[in-house]
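> Would you be able to build a 3D model of this:
(chains A and B)
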Number of protein chains: 2
Amino acid sequence: MIAEIIATGTELLLGETLNLSTRYLSEQMSSLGIEVHYQIAVDDDRERLRGVMAAACARSDLVFVTGGLGPTYDDLSREVAAEVVGTPLVFDSEQLRRIDGFFQGKSPSEGSDRQARFPEGSEVLENTVGTAPGIFVPGLQELTPETSAPGKPIIVLLPGPPLELASMFENQVVERLRAILGSRPRLLVRVLKVFGFQETELERMIEDEWGAWRVLDPAESLSCVLLDQHTYLELRLCVRGLIEEEARALLERADAFWSGRLGRRVFARDEQSHAGVAVELLRERGLTLATAESCTGGLLGGRVTDVSGSSAVYQGGVVSYSNQAKMSLLGVAEESLQRFGAVSEVVAREMARGARKALGSDLALATTGVAGPDGGTAEKPVGLVFIALADAKGEKTLCKEFQGDRDSVRNMAVEAALDLLKQYLDGDGVCSN
Amino acid sequence: MIAEIIATGTELLLGETLNLSTRYLSEQMSSLGIEVHYQIAVDDDRERLRGVMAAACARSDLVFVTGGLGPTYDDLSREVAAEVVGTPLVFDSEQLRRIDGFFQGKSPSEGSDRQARFPEGSEVLENTVGTAPGIFVPGLQELTPETSAPGKPIIVLLPGPPLELASMFENQVVERLRAILGSRPRLLVRVLKVFGFQETELERMIEDEWGAWRVLDPAESLSCVLLDQHTYLELRLCVRGLIEEEARALLERADAFWSGRLGRRVFARDEQSHAGVAVELLRERGLTLATAESCTGGLLGGRVTDVSGSSAVYQGGVVSYSNQAKMSLLGVAEESLQRFGAVSEVVAREMARGARKALGSDLALATTGVAGPDGGTAEKPVGLVFIALADAKGEKTLCKEFQGDRDSVRNMAVEAALDLLKQYLDGDGVCSN
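Predicted structure coming up:
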């Protein structure tokens, strides 16, 4: 079964918004094991929309169209779909009542009528988040997962706004697709999140080890995709073409093989985050954490508190952006600032020690650096960051030189601080260097 | 002149990455006044790539293809472009030297050879960021901005990675396009960033006022696009079809008209950010700022310090995530916490006052709330946030109930805090309510 995804909306073609809907549906197709061959975006033009819908119906078995289901004159998806399928639009008074009900007493627009029309023979997909119902046009009755019978595909019209689309897809489309797919071989993905490698380094390691992996997977069911997520890398292990039980078993073998070679540089898997795993480890050990931030300005605290339940371990922190704040809130010695400067290992240590004391926590992370674009010098260039972790016994520090703009330097510093914490919790355990 | 953008890469079709390259190019086309009618994404499949490239060349005047310029076997763009254009690939030894030089002594892959081949008659676009040179295939000589002569379009092959693509586009493609475009009517856009409106409210206001605007713009050169950016709205004013001087004049009239009706809810324009305008106002007045954050966990400090040069005005802050931290670092009274709870107007005021004192700043912003998903009660549901601004004379507070998940509540709270600060700096000036 081949899927095609069409997104409508002039704002996409103007580059005004990111195409999140298409990405979402593509991810869903991946996890259902349905290949997507084309992604199209067109503006709100009747001719062009008809053209791409017709082309999609001629070559694909499952066609998604997002957007164009609103109540205004440039919402064309219903009408064009009916033309392409070759059936009339039929009025559904029950749906009109639901749409009008959404306006709760305010006068509905004439557009509600437009939204309550559906191609004859199609099924209504309820919208519990917004006003626009979706439309499910069943394909040929004889279509099975193994056959591809373009010409009369399944057509699914969904709202453009990602939250409405996701809700409708998860609640009403997935079940219909699963019914058709049955026990079809699935695509299973395991994501290994990796810190501390350059992309080319990791590529080379994978190439070097591929031969050894091939012995375990002679049928070549596994493929690897390496993605650069800016502050870390993702190694995506994808298993195709096996029934679920075998696929899961191979995926676990693949995880064990590749994380074996990557060791502690794998900090998280799938949906886990760096902060999430660190918070979990802290919670398991009954340890508390504080932060002292200069160049990262609060972003590290923001990442830690992204984690629901972090209040069990995170006491709080100090954003000591000025030298005065470093002294008055963290007890950093004026002499240290004068002798070594704010961006120095000495000051990073004192900041971490000071946060530990001020917040009364077991551990504390500190960052101080030159985020840029201004403030760099020959000895202390833009991108230079010191990171320190303090425990009861001492401090562990890192000195890094990050490349990139202000955002990159700050985000990389946060990621490196989380890594330092995780490595400590994973068993270094010693704060002295 | 009509443009079409083709992005290649299986990872796009698997939903693994967001299509940033297509968005970037679409934005560039918008600002050059070139309409984009189709955006396509295909996987690394020779047949499909040839099919979409051929279709694009038949219907568009300017065809971009991103990705597929790497050194591996599944990098198909060069070869397929040459097939579609109908010219052979020619080896360029100068380019081979450059590509090999990028490897700085490490052995180049055989892929370097592949990357040093170009369709006969095309121009090389240097890549100063990565290895893959781009390719510029000039179209028909007689093509002018007003004519559309599909069949022999300009074809531009660019690297997939957004940074490489943007660098190459800005440094080498824009100039070539401008030479063709000449003094063609441009699309000019002014973005008004608006806080404090629901999207439907703002839509209604625009509808109500459109008649009055039409009097100033009988030729209907202006169009409006309303975009929901989650924590604020964007009203994009677009002027088309006029020569530059007239377009700029109309755009200024449009800005004056619409911001006149929106008043102080317009907090920034174009590339300006909420924090950026606040920092600028603080700097102009010679005022300093501190922050005290509970539920936002450091995100507010992070937003303020996003702004290059914020160290001139931002002293720092406290992330008082625990009640203990609120007391010990900000001097919040234990009695206040016990009587009113951490999420209360009283505690918000004390946090702001405390930060002002602890950091020695003129102004201080504080946030305290229930970010969720846990922690909500009947009286203090998830989404309840108190925000306070303290100056020498007193405090101004807001009580908000935000909808959405943890991220939404936290990000909305940050935006609302920045708005409170900006309204104060814009002239409220009084901290008492």
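> quick one: contacts for A:Trp415?
Not quite, residue A:415 is Glu, not Trp. Shown in contact with A:Glu415 (C-beta atoms under 8 Å, 6 or more residues apart in numbering or on different chains): A:195, A:231-232, A:274. Where you see a C-beta, it was placed from the backbone N, CA and C, and this is true even at glycine.
> Do I have it right that A:Thr367 meets A:Val414?
Yes - counting by C-beta atoms under 8 Å, A:Thr367 touches A:Val414, with 7.5 Å between them.
> so who does the spatially most central residue of chain A touch?
For chain A, the residue nearest the mean C-alpha position is A:Glu271 (8.3 Å; C-alpha atoms, centre = their mean). If you count contacts by C-beta under 8 Å, 6+ apart, A:Glu271 has none.
> From chain B, how far off is it?
Distance, A:Glu271 to chain B, by C-beta to the nearest C-beta, to the nearest Å: 14 Å.
> Find the residues that touch each one of A:Thr367 and A:Val414.
By C-beta under 8 Å, 6+ apart, the residues touching both A:Thr367 and A:Val414 are A:296, A:300.
> so what's A:Ser30 up against?
Per C-beta under 8 Å, 6+ apart, neighbours of A:Ser30: A:36, A:187, A:189, B:14-16.
> let's see 10 Å
Neighbouring residues of A:Ser30 by C-beta atoms under 10 Å, 6 or more residues apart in numbering or on different chains: A:36, A:186-189, A:238, B:13-16.
> Which of those fall within helices?
B:Leu13 (DSSP state H).
> If burial is judged by neighbour count, which of the contacts of A:Ser30 pass?
A:36, A:186-189, A:238, B:13-16 (16 or more other C-beta atoms under 10 Å in any protein chain shown).
> Test my guess that A:Leu12 contacts B:Glu27.
No - the criterion here is C-beta atoms under 10 Å, and A:Leu12 misses it with B:Glu27 at 11.1 Å.
> Distance to A:Ala392 and pLDDT added to the buried ones among the contacts of A:Ser30, as JSON lines?
Formatted as JSON lines, the buried ones among the contacts of A:Ser30 follow (distance: C-beta to C-beta, whole Å; pLDDT from 0 to 100):
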{"residue": "A:Val36", "distance to A:Ala392": "54", "pLDDT": "95"}
{"residue": "A:Arg186", "distance to A:Ala392": "49", "pLDDT": "66"}
{"residue": "A:Leu187", "distance to A:Ala392": "48", "pLDDT": "76"}
{"residue": "A:Leu188", "distance to A:Ala392": "44", "pLDDT": "84"}
{"residue": "A:Val189", "distance to A:Ala392": "41", "pLDDT": "86"}
{"residue": "A:Cys238", "distance to A:Ala392": "45", "pLDDT": "88"}
{"residue": "B:Leu13", "distance to A:Ala392": "52", "pLDDT": "94"}
{"residue": "B:Leu14", "distance to A:Ala392": "47", "pLDDT": "87"}
{"residue": "B:Gly15", "distance to A:Ala392": "46", "pLDDT": "88"}
{"residue": "B:Glu16", "distance to A:Ala392": "43", "pLDDT": "83"}
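> More neighbours: which of A:Leu12 and B:Glu27?
A:Leu12 (27 against 15; other C-beta atoms under 10 Å in any protein chain shown).
> Tell me how far that one lies from B:Val52.
As judged by C-beta to C-beta, to the nearest Å, A:Leu12 and B:Val52 stand 17 Å apart.
> could you check the distance from the residue nearest to A:Ser60 when sequence neighbours are not counted over to chain B?
Closest residue in space to A:Ser60, ignoring its immediate chain neighbours: A:Glu4 at 3.8 Å, by C-beta to C-beta, 6 or more residues apart in numbering or on different chains. Look at A:Glu4 and chain B: by C-beta to the nearest C-beta, they are 10 Å apart.
> do the same with A:Gly298
With C-beta to the nearest C-beta as the criterion, A:Gly298 and chain B are 3 Å apart.
> what pLDDT does that residue get?
Predicted confidence (pLDDT) for A:Gly298: 98.
> now A:Ser183
61.
> Please enumerate the strands of the stretch 1-150 of chain A.
All strands of the stretch 1-150 of chain A, identified by DSSP state E, counting those that start in this stretch, fall at A:2-8, A:35-42, A:62-66, A:89-91, A:117-119, A:123-125, A:134-137.
> among those strands, which is the most enclosed?
strand A:62-66 (a mean of 28; mean count of other C-beta atoms under 10 Å in any protein chain shown).
> Which elements pack onto that strand?
strand A:2-8, helix A:20-32, strand A:35-42, helix A:46-59, helix A:77-85, strand A:134-137, strand A:154-158, helix A:162-168 (3 or more C-beta pairs under 10 Å, 6 or more residues apart in numbering or on different chains; DSSP states H and E).
> From chain B, how far out is A:Gly160?
For A:Gly160, the distance to chain B - C-beta to the nearest C-beta - is 11 Å.
> Just say helix, strand or coil for that residue.
Recorded secondary structure, A:Gly160: coil (DSSP: H, G, I helix; E, B strand; the rest coil).
> wait, it sits on A:Thr10?
No - if you go by C-beta under 10 Å, A:Gly160 and A:Thr10 don't touch, sitting 11.3 Å apart.
> more neighbours, these two?
Per other C-beta under 10 Å, whichever of A:Gly160 and A:Thr10 has more neighbours is A:Gly160, with 24 against 18.
> for the more buried one, what are its contacts?
Taking C-beta under 10 Å, 6+ apart, one finds A:7-9, A:11-12, A:17, A:20-21, A:65-70, A:75, A:77, A:130, A:132 in contact with A:Gly160.
> residue ranges for the strands of the stretch 301-433 of chain A, please.
With DSSP E, counting those that start in this stretch as the criterion, the stretch 301-433 of chain A has strands spanning A:314-319, A:363-369, A:384-390, A:395-401.
> quick one: the residue lying farthest from the centre of chain A and B:Arg303, what's the gap?
The outermost residue of chain A relative to its centre, with distances by C-alpha atoms, centre = their mean, is A:Glu335 at 44.7 Å. According to C-beta to C-beta, A:Glu335 stands 33 Å off from B:Arg303.
> Ok, A:Gln272 next?
Counting by C-beta to C-beta - A:Gln272 and B:Arg303 are separated by 26 Å.
> cool, A:Ser77 as well?
38 Å.
> and if you look at A:Lys326?
21 Å.
> now do A:Tyr321
13 Å.
> Same check on A:Gly134?
36 Å.
> again, but for A:Gly394
For A:Gly394, the distance to B:Arg303 - C-beta to C-beta - is 34 Å.
> who's the closest residue to A:Leu233 other than its chain neighbours bridged to?
Excluding its sequence neighbours, the residue lying closest to A:Leu233 (C-beta to C-beta, 6+ apart) is A:Val194, at 4.6 Å. Here A:Val194 sits in beta bridges with A:Leu233, A:Val266, as judged by DSSP bridges.
> Would you agree A:Val194 is in contact with A:Thr231?
No - if you go by C-beta under 10 Å, A:Val194 and A:Thr231 don't touch, sitting 11.1 Å apart.
> can you pull out the strands in the stretch 151-300 of chain A?
Counting by DSSP E, counting those that start in this stretch, the strands of the stretch 151-300 of chain A are A:154-158, A:186-194, A:222-228, A:233-242, A:266-269, A:289-293.
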